[in-house]
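# Sharing a sequence plus its predicted fold:
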Amino acid sequence: MPHPPIYYSEYLQLSKILDAQNPVSFSDGHEPAHDEMLFIVIHQAYELWFKQILFEVNSVTEIMAKSAIDDNSTDLQTVVHRLKRVTTILKILVQQIDILETMTPLDFLDFRDKLRPASGFQSWQFKIIEARLGLQFDQRHGQDYYTSQLNKQDIDLIKSAEEKETVLQLINKWLERMPFFKEDILWQNYTSSTAEITPHSINNIHTFWMDYENIYTEGLAEGEKINAEHFKNIFFKETYFTERSLSAEACRSALFIMMYRGYPMLELPFQLLDTLLEIDNQLGNWRYRHINMVRRMIGSRIGTGGSTGAGYLQGAMDKHYIFKEISQLNSFLTDRRKLPKLPKEIADRLGYIS
């Protein structure tokens, strides 16, 4: 049965969208501020993109929450694809600042005071994006101010989002499921290159990791020797950090993926980890550009929502790195020519050879 004809403007509900710009300076008794229209359109576009980011992130968490995800199935491909889409959208958000900066500080002052106490800080969608990705409340800058400017309905939405399993938590579980170190038979032909270690595990730490620790430690420069202790704490001690997001087991799996990403089976897992780092990178770029724009527009004045303006944004930028525990693992990589040689059984499995 043919579907009824669809008209472009009706399908997009353009009458609602195009009637949604109502500059306060255009109301009776005020002198219209020309640039307020630009200000509204830009921020409405931001919120639409935030909606799309949430749509993608929620779909990713649904896939990652499965009891088992086949790393070679379309599941992981879909996760990587949709997260890469998020990074592309974030790049657009950064670029939109170029348009907003065509407005001068005097142009902004024509209507700025009429906006109080409204503020971009009241974007509940952006707070939910951060929460769904993995930013915990106790890790936030300015916790007292975090929801102080929001109405109860928006606060409830954010609190509900914070109770759900995050991308970071699901990534931790996914990394802990890596099978290769759970099958001793695959390592029966592994030979240590740095020490006489015969058992395949000591204190639940696989021989491979003890071997790699020796290789890594021997390659440290004099000023990097402290990293030897960091290595033990991050990869061998589950309880060393009171607030770690990735377990020691998950960190070992992530580092293994980074080291041997040239094998076909680890290509998608590496893309997933790398895409998460790019999300953090683009969020950082957006915050950096936002800070500079605020400084350019209002200098050291407080924000319309009552924050310290650029000072608050700087604090958030310095603290709100969601996947920093993944990025810090790059500190523990070594020259690929020194990597332990994997036994044939593992190499075949990573290369799709049954």
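Done, it's in.
# Please point out which parts of the strand or helix carrying Ser9 sit buried.
Ser9 belongs to helix 8-11 when elements are defined using DSSP states H and E. The neighbour-count criterion (16 or more other C-beta atoms under 10 Å) identifies no buried residues in helix 8-11. Every C-beta, even on glycine, is put in place using the N, C-alpha and C of the backbone.
# Show me what the following helix or strand past it is packed up against.
Past helix 8-11, further along toward the C-terminus, the next helix or strand under DSSP H and E is helix 14-18. Helices and strands in packing contact with helix 14-18 are not found; criterion 3 or more C-beta pairs under 8 Å, 6 or more residues apart in numbering; DSSP states H and E.
# residues in contact with helix 14-18?
Outside helix 14-18, the residues within contact range by C-beta atoms under 8 Å, 6 or more residues apart in numbering are Tyr8, Ser9.
# and the next element down the chain from it?
Toward the C-terminus, helix 14-18 is succeeded by helix 36-64 as the next helix or strand (DSSP H and E).
# mind checking how far that following helix is from the chain centre?
Taking the mean of its C-alpha atoms, helix 36-64 sits 15 Å from the chain's own mean (C-alpha atoms, centre = their mean, to the nearest Å).
# what are the ranges of the helices in the stretch 51-200 of the chain?
74-100, 105-109, 124-133, 143-146, 152-162, 167-176 (DSSP state H, counting those that start in this stretch).
# would you list these in a markdown table and tack on mean pLDDT, distance to Leu350 and mean neighbour count?
Below are the helices of the stretch 51-200 of the chain laid out as a markdown table (pLDDT from 0 to 100; distance: least, C-beta to C-beta, whole Å; neighbours: other C-beta atoms under 10 Å):
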| stretch | mean pLDDT | distance to Leu350 | mean neighbour count |
| --- | --- | --- | --- |
| helix 74-100 | 96 | 15 | 17 |
| helix 105-109 | 92 | 55 | 13 |
| helix 124-133 | 94 | 29 | 21 |
| helix 143-146 | 64 | 44 | 12 |
| helix 152-162 | 91 | 37 | 14 |
| helix 167-176 | 96 | 16 | 20 |
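# Take the ones you listed and lay them out in CSV including distance to Pro340.
Converted to CSV, the helices of the stretch 51-200 of the chain look like this (distance: least, C-beta to C-beta, whole Å):
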stretch, distance to Pro340
helix 74-100, 26
helix 105-109, 58
helix 124-133, 33
helix 143-146, 44
helix 152-162, 41
helix 167-176, 20
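# Contacts only, for the residue nearest to Ala45 when sequence neighbours are not counted.
By the measure of C-beta to C-beta, 6 or more residues apart in numbering, the closest residue to Ala45 outside its immediate chain neighbours is Gln96, 6.5 Å from it. With contacts defined as C-beta under 8 Å, 6+ apart, the neighbours of Gln96 are Ile42, Ala45, Tyr46.
# And the closest residue to the first one other than its chain neighbours, how far from Val41?
Spatial nearest neighbour of Ile42, chain neighbours left out: Leu100 (5.1 Å); criterion: C-beta to C-beta, 6+ apart. Leu100 sits 10 Å away from Val41, going by C-beta to C-beta, to the nearest Å.
# What of Thr61?
For Thr61, the distance to Val41 equals 31 Å [C-beta to C-beta].
# Any idea which of the helices of the stretch 51-200 of the chain gets closest to Asp274?
Taking C-beta to C-beta, helix 74-100 is the member of the helices of the stretch 51-200 of the chain nearest to Asp274, at 9.2 Å.
# The closest one vs helix 36-64, what angle?
For helix 74-100 and helix 36-64, the angle between their directions (axes from the mean of the first three to the mean of the last three C-alpha atoms, to 10 degrees) works out to 170 degrees.
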